[in-house]
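**Student:** model this:
(3 chains)
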Amino acid sequence: MQSKPLAIYWLRQDLRLTDNPALHTVAQDHQILPIYILDYTNPKSDQMGSASRLWLNRSLLDLDNSLDGKLSLYHGNPLTILQEIITRLPVKTVVWNRCYEPWRIARDKQIKSTLENAGITIKSFNGSLLWEPWQVNKTDGSPYKRFTPFYRKGCLAADPPRNILPAPAKLELTGDQASLTLSDLNLTPKIGWDQPVLKHWVISEADAQDKLSEFIKQGLPYYKGGRDLPAKRYTSQLAPYLHFGQLSPNQVWHIARQQGDDRHIDHFCSELGWREFSYNLLFHNPDLRTQNLQSKFDDFAWEENTDHLKAWQHGQTGIPMVDAGMRELWHTGYMHNRVRMIVGSFLVKNLRLHWHHGEQWFWDTLFDADHANNSASWQWVAGCGADAAPYFRIFNPVTQGQKFDGEGHYVRRWIPELAALPNQYLFNPWDAPADVLNDAKVHLGRDYPMPIVDLKKSREAALTAFANLKAYS
DNA sequence: TGAAATGTTGGGGCG
DNA sequence: ACGCCCCAACATTTC
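**Tutor:** Next up is the predicted model:
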């Protein structure tokens, strides 16, 4: 029997078998060597954070199971590694699903041309975006700068997203003796943070599917209003799976659309649209992570205050809603979306610390840390993005708590030391009369910090500071 | 995908 | 019956 030609399937951020265009293409008539390369050629600033490495570790474990233990692992420069494999094995074809970080686009381009010159066939596919970032443009060819027209005129009016592909019925897989072991990749942290945080997640392609089904049933029908309630589970929590590709956005989009046509479904789909918008911004602004989209922010006098930054990172600001969010992040690798806006606004506006600090902390601690989404969202919060929150939009963490966590379940879950306070003072314990604090066994400054800034004063100071930017625009 | 200040309206108590 | 005040509820404006 004639054996099939050998193809390398290079896995990157598409760690799944279902709806996988690259895999689907070679599955039929190739023998496949599935490989993952931990790339250290990427810029220092874009190296994976601790949470991402942890997620990747689990993902590769799961994937190797799905691939009958045939996933081969490497560590180093992808071009060198691919070239080395090709000298040893009769590889004719290399396939992958595209990544969209600027440095990856440049890297892959170079790999493609180098290997093609060596007589290898290279095929790349879109496995992680609903629309290619270079295809969604205004009629004059320039990129959109605002989300709403981007989504309505750019995305919804374009061809609908590709339909999903089934997992290959049968794969002819092969391994590589030179493969490293998973522990060689050294992806788990030295500190003991990983075990507790992992208890909140099952990390596999199958679990991504379960999460999706659960959300479609339990969350989607209530999404529009429910998504604002951090104590409840009406958000999808799919972001980390989407980042690593245990799910494709196409799978999510189509199943949501199949549920019918109402404001909840539309709203959820538009959130996938925000993801597309972030990737579009990154594609057209490769320095999104470091450069303010609005350059008038370049000279802004950010505060420098290590104590404040540490208090924010560790959930010790004395503002319950902020601290609850930051503790949720530390303990679960996740933070509810509404609370992300609250803690972001607090860091950038009330503490007036540079948004880079927030971007970096989220990058290190969020399981869904994603170059495009993280950068675009922090620029949004800081007000320096293309379609950003206006400078005067400053969240009041007390009002936000009362509005969206009225029962106080979320704050009590993450700040048990305040649990006995009545709802009336749960979000602003510094306003509570002495006897109320006594009854709740709360001694501010001992059991829970006094606020590190005065919300009213810091808000006014921020308004003044940010309003001054206008003069230079 | 704000918040706070300011403005407007309308109902009810009361002289 | 009427005007006046108070105030809550809602709307508008401003940062």
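
**Student:** got a list of what the closest residue to A:Thr121 other than its chain neighbours touches?
**Tutor:** Spatial nearest neighbour of A:Thr121, excluding adjacent residues (Cβ to Cβ, 6 or more residues apart in numbering): A:Thr93 at 4.4 Å. C-beta: built from backbone N, CA, C; applies to glycine. Residues in contact with A:Thr93 (Cβ atoms under 8 Å, 6 or more residues apart in numbering) are A:Pro5, A:Leu6, A:Ala7, A:Ile8, A:Val26, A:His30, A:Ile120, A:Thr121, A:Ile122, A:Lys123.

**Student:** Nearest to DNA strand C, out of the residues you listed: which one, please.
**Tutor:** A:Lys123 (50.9 Å; Cβ to the nearest atom of the strand).

**Student:** Would you mind giving the secondary structure of the closest one?
**Tutor:** strand (DSSP: H, G, I helix; E, B strand; the rest coil).

**Student:** cool, and A:Ala7?
**Tutor:** At A:Ala7 the chain is in strand, as set by three-state DSSP.

**Student:** on that earlier part again, need the phi and psi values for the residue nearest to A:Thr121.
**Tutor:** Phi and psi for A:Thr93, reported as degrees, to the nearest 10, are phi -140, psi 140.

**Student:** Tell me what it is bridged to.
**Tutor:** A:Ala7, A:Thr121 (DSSP bridges).

**Student:** residue contacts, the closest residue to DNA strand B within the stretch 151-300 of chain A?
**Tutor:** As assessed by Cβ to the nearest atom of the strand, DNA strand B sits closest to A:Trp274 within the stretch 151-300 of chain A, at 5.0 Å. Residues counted as contacts of A:Trp274 (Cβ under 8 Å, 6+ apart) are A:Phe147, A:Asn373.

**Student:** now do A:Phe277
**Tutor:** By Cβ under 8 Å, 6+ apart, the residues touching A:Phe277 are A:Tyr144, A:Phe147, A:Phe150, A:Tyr151, A:Ala376, A:Asp387.

**Student:** at 6 Å instead, please
**Tutor:** Neighbouring residues of A:Phe277 by Cβ atoms under 6 Å, 6 or more residues apart in numbering: A:Phe147, A:Phe150.

**Student:** Could you measure from the residue nearest to A:Thr121 over to A:Asp29?
**Tutor:** Between A:Thr93 and A:Asp29 the computed distance is 10 Å (Cβ to Cβ, to the nearest Å).

**Student:** swap in A:Asp184?
**Tutor:** Using Cβ to Cβ, A:Asp184 is found at 32 Å from A:Asp29.

**Student:** Kindly report the same for A:Arg152.
**Tutor:** Separation of A:Arg152 from A:Asp29 (Cβ to Cβ) stands at 41 Å.

**Student:** More neighbours: which of these two?
**Tutor:** More neighbours surround A:Arg152 than the other of A:Arg152 and A:Asp29, with 13 against 10 (other Cβ atoms under 10 Å).

**Student:** Please tell me how far A:Gln195 sits from A:Leu63.
**Tutor:** Note on A:Gln195: its distance to A:Leu63, by Cβ to Cβ, is 21 Å.

**Student:** ah, wrong one, I meant A:Ala118
**Tutor:** The spacing between A:Ala118 and A:Leu63, counted by Cβ to Cβ, is 28 Å.

**Student:** Between those two, which is the more surrounded one?
**Tutor:** Remark: of A:Ala118 and A:Leu63, A:Leu63 carries more neighbours, 20 against 11, as counted by other Cβ under 10 Å.

**Student:** residues touching that one, list them.
**Tutor:** When contacts are taken as Cβ under 6 Å, 6+ apart, A:Leu63 is in contact with A:Leu15, A:Leu71.

**Student:** Now the helix ranked longest in chain A - C-alpha only, CSV.
**Tutor:** Taking DSSP state H as the criterion, chain A has its longest helix at helix A:263-284. Output in CSV follows, covering the C-alpha atoms of helix A:263-284 (Å, rounded to 0.1, in the frame of the first residue of the first chain):
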residue,chain,number,x,y,z
ARG,A,263,-31.6,41.5,21.4
HIS,A,264,-29.7,39.1,23.7
ILE,A,265,-28.3,37.2,20.8
ASP,A,266,-27.5,40.3,18.9
HIS,A,267,-25.7,41.8,21.9
PHE,A,268,-23.6,38.7,22.4
CYS,A,269,-22.6,38.5,18.8
SER,A,270,-21.6,42.1,19.0
GLU,A,271,-19.2,41.2,21.8
LEU,A,272,-17.6,38.8,19.3
GLY,A,273,-17.5,41.8,17.1
TRP,A,274,-15.5,43.7,19.7
ARG,A,275,-12.9,40.9,19.5
GLU,A,276,-12.8,41.4,15.8
PHE,A,277,-12.5,45.1,16.2
SER,A,278,-9.5,44.7,18.6
TYR,A,279,-7.7,42.5,16.0
ASN,A,280,-8.5,45.0,13.3
LEU,A,281,-7.0,47.8,15.4
LEU,A,282,-3.9,45.7,16.1
PHE,A,283,-3.5,44.9,12.5
HIS,A,284,-3.5,48.5,11.5
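
**Student:** Cool, thanks, signing off.
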